[in-house]
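J.: generate coordinates for the sequence data below:
(2 chains, ligands or ions: 1)
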Amino acid sequence: MITYKTEPLKCWNKAKEIRKKFYEDYANAHAKGGIRWAGGAWSIGSIPAGLGPDVYPLTSEPYAASIAFDKPFSEECMAAVEKAGYARDLCSYMRNYWGSVILDRYAFGGKFPVPDFIWQDHICCSHAKWYQVVRDLEKKDIPYFCLDVAAGPYDKLTENKLNYLVGQLHDAIGWMEKVTGRKYDDELLIEAVNDECRSTSVWAEVCALNRAVPAPLDEKTMYALYVLGTLKKHSKEVADFYEELRDEVKDRVSRGIAAVAHERCRVMTDTQPPWGFLKIFRYMETYGCISVGSLYTFALIGAWEDKPDGTWGPRTTPLQKGIRIETRDQALRVSADWNLAKPEWQHFYHPRYKTDMMVRIAKEWKLNGVMLHYNRGCEGLTLGIAENRLGIVGAGFPVVTFEGNMGDEREFDEARTLARIDTFMEGLGLAKIS
Amino acid sequence: MISAGIDVGAKNVKVVLLRDGEVVSRSFETIGLNTQAAIDGAFAAALRQIGAGRGEISKITATGAGRKEVKFADGELTEVGASAKGVHHLFSSACTAIDVGAEEGRAIKVDEKGKVLDFAVNEKCAAGAGAFTEAMARALEVGVEKMGELSLKSRTAVPMNAQCAVFAESEVVSLIHAKTPKEDIARAVHDAIADRIVSMARRIGIEKDVVVVGGLAKNAGFIDSIKRTLATDVLVPQYPEYAAALGAALHAATPTGGQ
Ligand code: SF4
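T.: Residues are numbered from 1 along each chain as shown, chains lettered A, B, ... in the order given. So this is what the prediction gives:
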């Protein structure tokens, strides 16, 4: 059996610091005279960035995932939400977040910091309701702007559809000036749009490097890295960090540094994992099996495009194409187009889009199998997953499914999931490495 | 050379001994409160049948949900892997194996070598497993072993809507109060399980030949329901409850010997 050399990631601690600072900045924004906004991780963060350098977001899904990781707190949140009369089968991120609001406890210490305004988009139905309920729970008329991003799949994008979103972005800027009393700075907007394109493209480049055998990164580690893009993808700090990470991963590939010393089987997962049980990834490693990523980790924030050689690669940024953004309208058009192309938005229109991308990953990343999480916590990303399964099986890849919930540990059966992994590994001809 | 397969299921322990590829012994013991005692008892009984001592067993493979309890095993195989192996050995034409035990139902797609290509497991609800028939037999006040025979007498299909063993029980009670003949209720119970199992099996794609194993395969009423639901004939071995133990014993007999 081959034993590859492994090394810890040098930039690991930096990623942790950026994440910690993000949550502290949001909580302490008012003390510094800054502004807080809250919204989904897919909200186009570059737009509020034009209000000033002291505008701090709290993105709801990664915040809720942090709660899920803290099982006792998550349990309290779920109990509070159920007591308030909300159904147990709603998005579990949303329930964790609402629980934190009801209990008035911020996962990173202190009371829950109320946002000054809400900046949300509607791609999933839960998105549409999430902050409406937050406003009710806070008993406060928090200004709320919601973008309708349902312009259809990117391969059917027309000028009219693009204008539909760009028009809303123009309106949003006027609205933000009104609710914050601040003058909007187009230079900051342009900078943020360029940084958003850079960070999301470079993240895709990092994921593309994981085609290497042995893979330089395992998915459990990637979760701690991609999350920065869900926090503040429009920031220079995150874009710079991803470049540093990309350089380090490139170096690992050139030196044959592996994430898993005994890599002999490569799989991908799908959707958010059960956050309270990431140890299943370490269990897979006992078989020499590595998850090299997923459409979720690659493309929740990653920006991708077809490359001339037919492979999937990082999307070319406007700056790389020699395009200099000069005006507000141009910045908004670039941003709208960039976001509407997001791979993880495509399958809201048809599961076929997701199947195609997953089969492509399975082939290009040289996978031996696929592990699909039938995630009861997220209707958005799980919708159509059984159809995806059929498509992947049809393409010749063995698939195992397991049921769970990214944010509600009560719906995850650890022993049964491990038993499924055992069966799947046995089917792939793998025994545990003693 | 004698190899052994021990299947520690949710309710029973099954042991198969193979001598030079031929089954020479089968034994069965219900797990009470002491799994270890049931394992030891079933294994000792299997040895007794052929007058062999422990030392004569070359290799032992354990399978089933409780396989880790077989401390003296040389190796292990998952339930799906063992079942597939056993079914393939019994019927080399098998493409789909349906294995319904006390607490779990599984559908397995196998290739022409008996390798598992895909599988689906019902593990969350007893409504797709043998424990369901037992609960319904209790509600009907008939012995579980009579359920099959009883349901075969039914001439009328009665729909049962419940998706869960607990609700199904109250549905059965309502049917009893409505003076529905017991045989029709028994058939409704089997049809409900068959529906669940077949819809699970459809997820992996059903290809002929279909082989049904596991404890519930001994129930002729259930097999009849499965055939009607699938609209095809199915194959059932003589000792369906031993299929996984047989697969484990075959595994133990391979050159790697149970590892
Ligand atoms: S259901 Fe899924 S996609 Fe929708 S808001 Fe919740 S986490 Fe996001």
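J.: so for B:M147, what's the pLDDT?
T.: With respect to pLDDT, B:M147 has a value of 89.
J.: burial check on it, number of neighbours?
T.: 27 (other CB atoms under 10 Å in any protein chain shown). Placement of C-beta: from N, CA and C, glycine included.
J.: quick one: the one helix or strand it maps to to chain centroid distance?
T.: Element membership for B:M147 (DSSP states H and E) is helix B:147-152. Chain-centre distance of helix B:147-152: 18 Å, with CA atoms, centre = their mean, to the nearest Å.
J.: identify the residues contacting it?
T.: B:133, B:136-137, B:140, B:142, B:182-183, B:186-187, B:189-190, B:218-225 (CB atoms under 8 Å, 6 or more residues apart in numbering or on different chains).
J.: same thing with stretch A:166-174?
T.: A:44, A:47, A:50, A:119, A:145, A:147-148, A:184, A:189, A:328-329, A:332-333, A:335-336.
J.: mind listing what's buried along that stretch?
T.: A:V166, A:Q168, A:L169, A:A172, A:I173 (16 or more other CB atoms under 10 Å in any protein chain shown).
J.: check stretch A:85-95 too.
T.: In stretch A:85-95, counting by 16+ other CB under 10 Å, buried: A:Y86, A:L90, A:C91, A:S92, A:Y93, A:M94, A:R95.
J.: now do the contacts for the fourth one.
T.: Listed by CB under 8 Å, 6+ apart, the contact partners of A:S92 are A:A64, A:A68, A:M78, A:R376, A:G377, A:C378, A:N405, A:M406, A:G407, A:D408.
J.: distance check, it against A:R376.
T.: Using CB to CB, to the nearest Å, one gets 8 Å for the distance from A:S92 to A:R376.
J.: spit out the residues that contact the two alike.
T.: A:N405, A:D408.
J.: of all residues in the chain, which one is nearest the centre?
T.: In the absence of a named chain, this looks at chain A. A:L300 (4.2 Å; CA atoms, centre = their mean).
J.: I was thinking of chain B, sorry if that wasn't clear
T.: Most central in chain B (CA atoms, centre = their mean) works out to B:G214, at 1.4 Å.
J.: quick one: end-to-end distance for stretch A:321-328.
T.: Distance between the two ends of stretch A:321-328: 19 Å, counting by CA to CA, to the nearest Å.
J.: how distant is it from the center of its chain?
T.: The chain centre lies 27 Å from the centre of stretch A:321-328; the measure is CA atoms, centre = their mean.
J.: what lies in contact with that stretch?
T.: A:H170, A:I173, A:D186, A:L189, A:I190, A:V193, A:N194, A:P318, A:A331, A:V334.
J.: narrow those residues to those in helices?
T.: Per DSSP state H, helices hold the following members of the contacts of stretch A:321-328: A:H170, A:I173, A:D186, A:L189, A:I190, A:V193, A:N194, A:A331, A:V334.
J.: stretch B:26-42 vs chain A: in contact?
T.: No: if you take CB under 8 Å from any CB of the partner chain as the test, stretch B:26-42 misses chain A, and the best it gets is 15.4 Å.
J.: picking up where we left off before, restricting to C-alpha, output the next helix-or-strand element following the helix holding B:M147 in PDB.
T.: Along the chain past helix B:147-152, the next helix or strand (assigned with DSSP H and E) turns out to be helix B:165-177. C-alpha atoms of helix B:165-177 as PDB (Å, rounded to 0.1, in the frame of the first residue of the first chain):
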ATOM      1  CA  ALA B 165     -46.300   0.300  12.400                       C
ATOM      2  CA  VAL B 166     -47.900   2.200  15.200                       C
ATOM      3  CA  PHE B 167     -50.600   3.700  13.100                       C
ATOM      4  CA  ALA B 168     -51.100   0.500  11.200                       C
ATOM      5  CA  GLU B 169     -51.900  -1.200  14.400                       C
ATOM      6  CA  SER B 170     -54.800   1.200  15.100                       C
ATOM      7  CA  GLU B 171     -55.900   0.700  11.500                       C
ATOM      8  CA  VAL B 172     -56.000  -3.100  12.000                       C
ATOM      9  CA  VAL B 173     -58.000  -2.600  15.200                       C
ATOM     10  CA  SER B 174     -60.500  -0.500  13.200                       C
ATOM     11  CA  LEU B 175     -60.800  -3.200  10.500                       C
ATOM     12  CA  ILE B 176     -61.400  -5.800  13.200                       C
ATOM     13  CA  HIS B 177     -64.200  -3.600  14.600                       C
END
